[in-house]
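# here is my input; please provide its structure:
(chains A and B)
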Amino acid sequence: DAKTTQPNSMESNEEEPVHLPCNHSTISGTDYIHWYRQLPSQGPEYVIHGLTSNVNNRMASLAIAEDRKSSTLILHRATLRDAAVYYCILRAGGTSYGKLTFGQGTILTVHP
Amino acid sequence: GAGVSQTPSNKVTEKGKYVELRCDPISGHTALYWYRQSLGQGPEFLIYFQGTGAADDSGLPNDRFFAVRPEGSVSTLKIQRTERGDSAVYLCASSLGQGDGNEQFFGPGTRLTVL
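Residues are numbered from 1 along each chain as shown, chains lettered A, B, ... in the order given. Modelled structure (predicted):
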């Protein structure tokens, strides 16, 4: 699996936007970009995923660079509940590759 | 609705013992995954099932680890002759299928401690 690089940690204040970066310079044309997050003492939960176009859902937005070598997860208004480890994962396209390969992720701290 | 459940939530055992960890996936989910997570690390893939069969077991660290899913629903991860290095949180996840857009739903994990 292609590798992703994320900052070890980031901090934000409550109700401010948060931009979590991810570099994936060796991404292949069929790799999807997935984001999961893991709240303390819980299993990971899906946040969002995309291939080429920017994506929005109720939790977040995903901005993908035109060359696809980087992406940014955007939390529009951080809450205390958003404090978690955020994982950027590349997942090979097609139906044969089910597993997720997690890196170290970014620890997000949200200050009240 | 009910999410992925795992039992037990905590398991303490002694080195050399055998343990079984159980996962109940979301009803109707055909794909089931096992991961393990050591302190301070991201989850590490172990094995996944599509239906009853293991589609990819490349993450199992050695032959002491084995998993089954006999009826395509509940799965059991079995660890023989446990070692202290097996201590970790074992996570189970399920998804509707195994394609690109199929998000994985994770359970709360089983914390295994080998003394």
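# pretty sure B:Ala31 contacts B:Phe49?
Yes: using C-beta atoms under 8 Å, B:Ala31 is in contact with B:Phe49, at 6.8 Å. C-beta here means a position set from N, CA and C on the backbone, and glycine is covered the same way.
# what's near enough to touch B:Gly42?
With contacts defined as C-beta atoms under 8 Å, 6 or more residues apart in numbering or on different chains, the neighbours of B:Gly42 are A:Val85, A:Tyr87, A:Phe102, A:Gly103, A:Gln104, A:Gly105.
# neighbour-wise, which of B:Ala31 and B:Phe49 wins?
Looking at B:Ala31 and B:Phe49 with other C-beta atoms under 10 Å in any protein chain shown, you find the greater number of neighbours at B:Phe49, namely 24 against 20.
# name the helix or strand for that one, please.
Secondary structure assignment for B:Phe49, by DSSP states H and E: strand B:44-50.
# coming back round to it: for chain B, tell me which of the contacts of B:Gly42 show up nearby.
With C-beta under 8 Å from any C-beta of the partner chain as the criterion, those include A:Val85, A:Tyr87, A:Phe102, A:Gly103, A:Gln104, A:Gly105 near chain B.
# among the contacts of B:Gly42, who's most crowded?
Ranked by neighbour count (other C-beta under 10 Å), those have A:Gly105 at the top, with 27 neighbours.
# what pLDDT does A:Thr30 get?
Taken from the predicted model, the pLDDT recorded for A:Thr30 is 85.
# coming back round to it: which neighbours do B:Ala31 and B:Phe49 share?
Shared contacts of B:Ala31 and B:Phe49, defined by C-beta under 8 Å, 6+ apart, comprise B:Ala55.
# nearest to chain B, of the contacts of B:Gly42?
Checking the contacts of B:Gly42 against chain B with C-beta to the nearest C-beta, the nearest one is A:Phe102 at 3.2 Å.
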